[in-house]
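>>> sequence and predicted structure are below.
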Amino acid sequence: MIILKNVRKILIEKILRGNILIMFKLLFFFTLIGLGGLSAQTKAELFARPGVIGDSLSQGFFGVTVEKKSQEWAYPVLVSKQAGSNVSYNVLKGPYLNFENVLKGDCGPICIASSIIGGNDTTLQLPTHAGITGADYTSVLRTSGKCNDITATKQEKQWYWATWYWYTYRWVTVQDCQSPDKFHQFGLRDSGTQMEVMEKVKPTFLFGSVGANHILCTALGTSTTCLDEPRFKRDIREVMRRMAAIGSIKGGVIFTVPNVTAIAYLEKYTDPQGRANYSGLKAFYRSSVSNPDEVLDQTEVQTITTFLTMLNNEIKAQATAMGFAMLDAKVMFDDIKENGRPIRSSDGYSPGNARANWPLPNQPGLFGLDGVHPNMYGHAVMANELIKVINTKYNITVPQVSEYNAWYNDSLNRNPVDLKKFLTNTIIGQVISWLIGIFA
Amino acid sequence: MDKRFYILLGIAGSLALLLFFLSSRSEEKKKVVSAGESEEIPIFKNSVGYSDSMYPDAPSPFVNGEAEEEARNLWPTAIKSTKDDAHREKVREEWRDFASKFPKNIYVLNEYRAPLTEKEVAERRASLDTISSVDTYFYREASRLRYAEPGKDPVTPKDAGVTPEQQRSFFDYKIREVESKIELIQYAREQKGLSSDQEKIADRDIAQWKKELEDLQKVSKTVPNT
């Protein structure tokens, strides 16, 4: 009897233990299923209708134009596709030229002429991706595809009958609509400003980074005169206020601005005569410095650093306020500048670490030939870093892009161009002028 | 009670192992090769300035079907844009024709011109320095004035900011550049290289460039000699 009781007790305990185990296993299983279900739902909800405001990075500006190929590899397009969604945009065929193709002999005079004129390959009534080369938070609010500044006004005489016997005029304020640059013309067309586009699109997820051109002008203009803190703060806050007012946005992502004095466009220069204001950072194509305005000296670099800290703090604050994922692209870029970015195939092959420069033989790089904008591989890296912060912030699983695949298929990385070999070509002056004209 | 504790401990352990496994996989992905690994400055061995035979041993990711699908999904135009030798020969022919018609056009690459002497190379570099310096100066000023208060007139600077010699060199280049663009577009039109939508844009652009050219020619005559 005692033996039987003991056997019964042991059996019950075993069953109970088994049940507890089964119970935990089931709990674990259903929790995973539940999380998976929740993730899928949240991802689908978040990316139901992604919208983009942005600048040349988001539009896919690449040495030194915007075209179908480069628009496809831009980070918002990659991230949206990886999230199982998509963004739509007006497809451009210029303005200006794909310098890589010209230097490699793939684009001749007719191709150059066609891309200088530019235009649209395909158009939409309302794009969901409104990012435009050269834009900042100010132009997001003010520049449409038709008017350079929709808030600009002028005084005009309006003729009218003041009395039955007196036909005269009065001054009235009317809109002063002057044509914007071609990137805005072809990128936005009739859809309004970037802000107005988003108000019509009512996105569920926002790519909201347009901070770079508030400071990049210092690097391309080798000057700090373009820095305008009040304008930047006023306009980023206004953009975010209006975004919040749309009511449809469930999430988004924004990134800080990298150290613009560390980009490949600039290189160190020491004046042979030891003059401090002639030494510092000069544009890579300059053979010498004959004027202090042609370098960013130590004081100017410090001013830019201080401005960058302010700018990035504001971006972080806006990300927090909006509940957006935030990528510290400054930290990311600093890391790549310092350590490079490993590239490795699934079977272990590596062409070496990519650097924060345009590619050179046996030296992969993340940038295009202007030393400012990422190449196809660089955008894949950017997309992956954004995906990481989006996944963490919203507890979802957007898969990463294969960086090896991007590198392997990136023509500039696979067949690098030695830009410095072409500096005696007269076309270079115009390419640089074009670049400075957009970003300085 | 003790046994339940051990069961819970077991589950927690399993979860910890799972997390460790996942994190070690992501660590693996993040593993950074030290910066000094490829410090050598690469040199282009050919004269054209680009390499067409880099990384011959790089394995194609397309052995994996998923990678090919990924590339077709993410970079459909880029993966199709490889140009062949026939295309490059056609482009070379086009350049030769264009260069013979417009030898002074700034868009013509050096390889379609007579080789430069050392003196010419030095002059080209000096010219690039001057033009980009003056260009940067003017764009910088324009950028500063972009958001000026409406109705407020800009103040004429007391100093020119550039020397007459620099300015003359700049105007000469700008005039050649605008003329070169017009030549390019006209050549493309003759060769029927523009689409119908581009024809309209080209009309507007050429009208604008001709006006710009007129302004540049007029103002360049006002640059003092000293």
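Done, it's in.

>>> what about chain A, any weak spots by pLDDT?
For chain A, applying pLDDT under 70 flags the ranges A:1-41.

>>> and it, what are its domains?
When chain A is parsed with automatic domain parsing, its domains come out as A:1-46, A:48-145+A:182-439, A:148-179.

>>> so which elements touch the helix or strand encompassing residue A:139?
Counting by DSSP states H and E, the element that carries residue A:139 is helix A:137-142. On a contact count with 3 or more CB pairs under 8 Å, 6 or more residues apart in numbering or on different chains; DSSP states H and E, helix A:137-142 meets helix A:194-201, helix A:229-246. Every residue, glycine included, has its C-beta placed from N, CA and C.

>>> so which of these is nearest chain B?
Across the helices and strands packed on helix A:137-142, chain B has its closest neighbour in helix A:229-246 (6.3 Å, CB to the nearest CB).

>>> is that closest one positioned near chain B?
Yes - applying CB under 8 Å from any CB of the partner chain, one finds helix A:229-246 touching chain B at residue A:231.

>>> ok, and for that helix, which residues are buried?
Neighbour-count burial for helix A:229-246, counted by 16 or more other CB atoms under 10 Å in any protein chain shown, picks out A:232, A:235, A:236, A:239, A:240, A:243, A:246.

>>> which parts of the stretch 151-300 of chain A are helices?
For the stretch 151-300 of chain A, the helices defined by DSSP state H, counting those that start in this stretch occupy A:182-188, A:194-201, A:216-220, A:229-246, A:298-322.

>>> so which residues make contact with stretch B:166-175?
A:429, B:106, B:127, B:130-131, B:133-135, B:160, B:162, B:213, B:216-217, B:219-220, B:223 (CB atoms under 8 Å, 6 or more residues apart in numbering or on different chains).

>>> for stretch A:284-303, same thing?
For stretch A:284-303, using CB under 8 Å, 6+ apart, the contacting residues are A:218-219, A:222-224, A:227, A:261, A:264-267, A:269, A:271, A:276-283, A:304, A:371, A:420, A:423, A:428, A:432, B:125-126, B:128-129, B:132-133, B:136-137, B:140.

>>> make it 6 Å
Stretch A:284-303 is contacted by residues A:222, A:224, A:261, A:267, A:269, A:277-278, A:280-282, A:423, B:125, B:129, B:133 when judged by CB atoms under 6 Å, 6 or more residues apart in numbering or on different chains.

>>> any weak-confidence spans in chain B?
Applying pLDDT under 70 to chain B picks out residues B:1-50, B:52.

>>> so for it, the centremost residue is which one?
Here the mean C-alpha position of chain B is nearest to the C-alpha of residue B:107 (CA atoms, centre = their mean), at a distance of 14.4 Å.

>>> residues near residue B:103, how many?
11 (other CB atoms under 10 Å in any protein chain shown).

>>> for it, grab phi and psi.
Phi and psi for residue B:103, reported as degrees, to the nearest 10, are phi -60, psi -20.

>>> not counting the helix holding residue A:139 itself, show me its contacts.
For helix A:137-142, contacts defined as CB under 6 Å, 6+ apart pick out A:53, A:149, A:150, A:151, A:194, A:195, A:210, A:235, A:236, A:239.

>>> can you tell me which of those is closest to residue A:381?
Of all those, residue A:381 sits closest to residue A:210, with 20.2 Å by CB to CB.

>>> deepest in the core, which of the domains of chain A is it.
domain A:48-145+A:182-439 (a mean of 21; mean count of other CB atoms under 10 Å in any protein chain shown).

>>> quick one: distance of that one to the chain centre.
A distance of 5 Å separates the centroid of the chain from that of domain A:48-145+A:182-439, by CA atoms, centre = their mean, to the nearest Å.

>>> same check on stretch B:217-226?
On the basis of CA atoms, centre = their mean, stretch B:217-226 sits 32 Å off its chain's mean C-alpha point.

>>> okay, the domains of chain A in CSV with distance to residue B:121 next?
Below are those laid out as CSV (distance: least, CB to CB, whole Å):
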stretch, distance to residue B:121
domain A:1-46, 56
domain A:48-145+A:182-439, 5
domain A:148-179, 40
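
>>> tell me which of these sits nearest to residue B:75.
Of all the domains of chain A, it is domain A:48-145+A:182-439 that lies closest to residue B:75, at 5.6 Å by CB to CB.

>>> so the nearest residue to residue B:64 once chain neighbours are set aside: helix, strand or coil?
Excluding the flanking residues, the one nearest residue B:64 by CB to CB, 6 or more residues apart in numbering or on different chains is residue A:346, at 6.8 Å. The three-state label given to residue A:346 by DSSP: H, G, I helix; E, B strand; the rest coil is coil.

>>> against residue B:78, how distant is residue A:346?
Separation of residue A:346 from residue B:78 (CB to CB, to the nearest Å): 21 Å.

>>> and residue B:182, by the same measure?
Between residue B:182 and residue B:78 the distance, using CB to CB, works out to 32 Å.

>>> next: residue A:250.
Counting by CB to CB - residue A:250 and residue B:78 are separated by 32 Å.

>>> same deal with residue B:189?
Distance, residue B:189 to residue B:78, by CB to CB: 29 Å.
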